[in-house]
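J.: take this sequence and fold it.
(chains A and B)
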There are 2 protein chains.
Amino acid sequence: MSAQIIAIDAMGGDFGPRSIVQASIACLSATPSLHLALVGQPSLLEDLIAGQSAADRARLQIVPASEVIGMDERPSQALRGKPDSSMRIALELVRDGKVQACVSAGNTGALMALSRYVLKTLPGIDRPAMVAAIPTQAGYCQLLDLGANVDCSAEHLYQFAVMGSVAAQALGIPRPRVALLNIGTEDIKGNQQVKLAATLLQNARGLNYIGFVEGDGLYRGEADVVVCDGFVGNILLKSSEGLATMIGARIEAMFKSGVTARLIGALAMPLLKRLKADLAPARHNGASFLGLQGIVIKSHGSAGVQGFQSAIERALIEIQENLPQRLHGRLEDLLP
Amino acid sequence: MSAQIIAIDAMGGDFGPRSIVQASIACLSATPSLHLALVGQPSLLEDLIAGQSAADRARLQIVPASEVIGMDERPSQALRGKPDSSMRIALELVRDGKVQACVSAGNTGALMALSRYVLKTLPGIDRPAMVAAIPTQAGYCQLLDLGANVDCSAEHLYQFAVMGSVAAQALGIPRPRVALLNIGTEDIKGNQQVKLAATLLQNARGLNYIGFVEGDGLYRGEADVVVCDGFVGNILLKSSEGLATMIGARIEAMFKSGVTARLIGALAMPLLKRLKADLAPARHNGASFLGLQGIVIKSHGSAGVQGFQSAIERALIEIQENLPQRLHGRLEDLLP
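T.: This is a model prediction of the structure:
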């Protein structure tokens, strides 16, 4: 396996550079072929990597960037007002072929706007989509779009379906079942865009389109790729996170509601910890921006060290699978 | 307290008349002032209520209806093709003032179409909305619309907000916090309808509008009334049901994964049962159709006896609170 090099936006995210650098170093140690370019304020980053072994240090470079994009900043502001932000410099390294991917835990809207501006979309793609792996009773499904595109036409949904299918193949599913998220499984159900997208998908050669899936069907694992507009996807993702957190809190409270319950709770603790980790993989795994001329992975802003590591790992898979090129080839076959 | 009389569509739902009649009789026994009109095929219903005490029997009448609307039938078919369906006859009893509410576990689309046709909407309301109580970390929130209205304008969302607020008041919250469901809390976030609805709501006197809430904020209990279009609401509701079921299955599997785990699982069983019931209240409580000139409660098709009982109980509350009249008065104040 040849070497991989990934640019890390070291300044973004709710937890700041410390956990990002920590996660980066953990990945370096785990993957001997990996090189990282940490983008951010040099003195700060130098301090954080001081004390690393020379071997790790040799695969770690610091690329200076004087500005940081705040988590609440408007995308337009990030685009126009901050030419030397760590996020932008990291993306420019991808554009210039100096690295093979960019990973950031920063402001999602800004990352999407800058990615489109710096990297451009693949031919035939109007808008990049954000995709993440969602746990199901049968494994995982790739859900897209997760919030990058609020209003979507039938053509956009069709493009998302194609991109999601290719991404799922890259992640090891030979013939992914592709479905449209809808409020019923009959033909008459849904809004205009969804019904039109269904017609487009029914006629798409080489795509394993299986029809509509409902919210509960998604979690039953009825499809490998589930397509919706970014408004619906974002609401689904965040409400699922909120519900999982609420259930976790209720389980915790349940095991504290008396002496016997406490005792059972203490016994069950290791099992419950595993469950908790199991329920947060969307938060953990990072989301991929599909449809760009380059690989960009968004780590959850509050994902912490483990989450950021998973995001780097997703970038590694996409590099190995050459995802943008695969997408490009497939789009030429499938898009009208 | 004066007597209440409710029409029961005894033929709808996945479980058939037996559990509906069973739930009806349980409610009669629990509420001495309640009278019920069971609508459906007389001989079948007579058989099911045979053996009831004379006291209960006296508060139970059978209203004949020769047709049944199937769970997969199109609303248009139900509307035009079946003038003597149990669902329609039950709604006509409401229209004619012979009963004060209708409860059905039948086909949702047909129930909505027939309700609009038979009962009509309140003045100022374009479309009725479907609302249910969703559990949160702080208690419950009323979520609407849950699928009756796929495409909604800003004005529709505004009407839903007004109706949801009045419904929450009727359920005992003096000054309900009303929020719009969105993919961010900043003003710039969301689609056109949601942004426009926000402007309308900011200017609504007497409504406690608190702004946008995200999917996770809903489950944190940030609002008492959460407003969205029926596509989003249906996806949120069903994906939440699917996720809760998946978590339940994982917990079960977790406690079967070894001897120790089995032992802990046996100990924890009563706690887990409570949790399971706790997680399904949306399924249990029944959904209310708001904005009609009459009270219509939809019980989940697969809710079973307990679920149908809860739906009857919601109907009782709405009768006591005189919800359609309250809504009518409030709409006159608030709608332009």
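J.: going forward, measure contacts and count neighbours with C-alpha atoms only.
T.: OK.
J.: on the three-state scheme, the residue lying closest to residue A:248 once chain neighbours are set aside is what?
T.: Nearest residue to residue A:248, sequence neighbours excluded (Cα to Cα, 6 or more residues apart in numbering or on different chains): residue A:276, at 7.0 Å. With DSSP: H, G, I helix; E, B strand; the rest coil as the basis, residue A:276 sits in helix.
J.: what is the neighbour count of residue A:276?
T.: Look at residue A:276: counted by other Cα atoms under 10 Å in any protein chain shown, it has 15 neighbours.
J.: test my guess that it contacts residue A:247.
T.: No - using Cα atoms under 8 Å, residue A:276 is not in contact with residue A:247; the gap is 9.8 Å.
J.: least confident secondary structure element in chain A?
T.: helix A:281-285 (a mean of 61; mean pLDDT, DSSP states H and E).
J.: what element comes up after it heading to the C-terminus?
T.: Using DSSP states H and E, the helix or strand that directly follows helix A:281-285 along the chain is strand A:287-290.
J.: and the closest residue in space to residue A:224 that isn't next to it in sequence, bridged to which residues?
T.: By the measure of Cα to Cα, 6+ apart, the closest residue to residue A:224 outside its immediate chain neighbours is residue A:141, 4.4 Å from it. With DSSP bridges as the criterion, residue A:141 is bridged to residue A:134.
J.: my read is that residue A:141 contacts residue A:133, right?
T.: Yes - assessed by Cα under 8 Å, residue A:141 is found in contact with residue A:133 at 5.5 Å.
J.: of the two, who's got more company?
T.: A side-by-side neighbour count of residue A:141 and residue A:133, using other Cα under 10 Å, places residue A:141 first with 26 against 22.
J.: contacts only, for that one.
T.: A:133-135, A:218, A:221, A:223-226 (Cα atoms under 8 Å, 6 or more residues apart in numbering or on different chains).
J.: which stretches in chain A count as strands?
T.: In chain A, the strands defined using DSSP state E lie at A:4-9, A:34-40, A:60-64, A:101-104, A:129-136, A:139-144, A:178-181, A:209-213, A:225-227, A:287-290, A:295-298.
J.: just the CA coordinates for the fifth one, please, in CSV.
T.: In other words, strand A:129-136. Extracted C-alpha coordinates of strand A:129-136, given in CSV (Å, rounded to 0.1, in the frame of the first residue of the first chain):
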residue,chain,number,x,y,z
ALA,A,129,-24.4,16.0,-0.6
MET,A,130,-23.5,15.0,2.9
VAL,A,131,-23.7,11.3,3.7
ALA,A,132,-23.1,9.3,6.9
ALA,A,133,-23.5,5.7,8.0
ILE,A,134,-26.6,5.2,10.2
PRO,A,135,-26.8,2.1,12.3
THR,A,136,-29.7,-0.3,11.5
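J.: contact partners of it?
T.: Looking at strand A:129-136 with Cα under 8 Å, 6+ apart, the contacting residues turn out to be A:140-149, A:160, A:164, A:218-221, A:279, A:281-282, A:285-291, B:246.
J.: how much space between the residue nearest the centre of chain A and chain B?
T.: Centroid check for chain A by Cα atoms, centre = their mean gives residue A:287 as the closest residue, at 0.4 Å. Separation of residue A:287 from chain B (Cα to the nearest Cα, to the nearest Å) stands at 16 Å.
J.: how about the contacts made by the closest residue to residue A:216 other than its chain neighbours?
T.: In space, and not counting its chain neighbours, residue A:216 is closest to residue B:242: 4.0 Å by Cα to Cα, 6+ apart. With contacts defined as Cα under 8 Å, 6+ apart, the neighbours of residue B:242 are A:215-220.
J.: do the same with residue A:169
T.: So residue A:169 contacts A:175-176 (Cα under 8 Å, 6+ apart).
J.: so what pLDDT did it get?
T.: On the pLDDT scale, residue A:169 is placed at 92.
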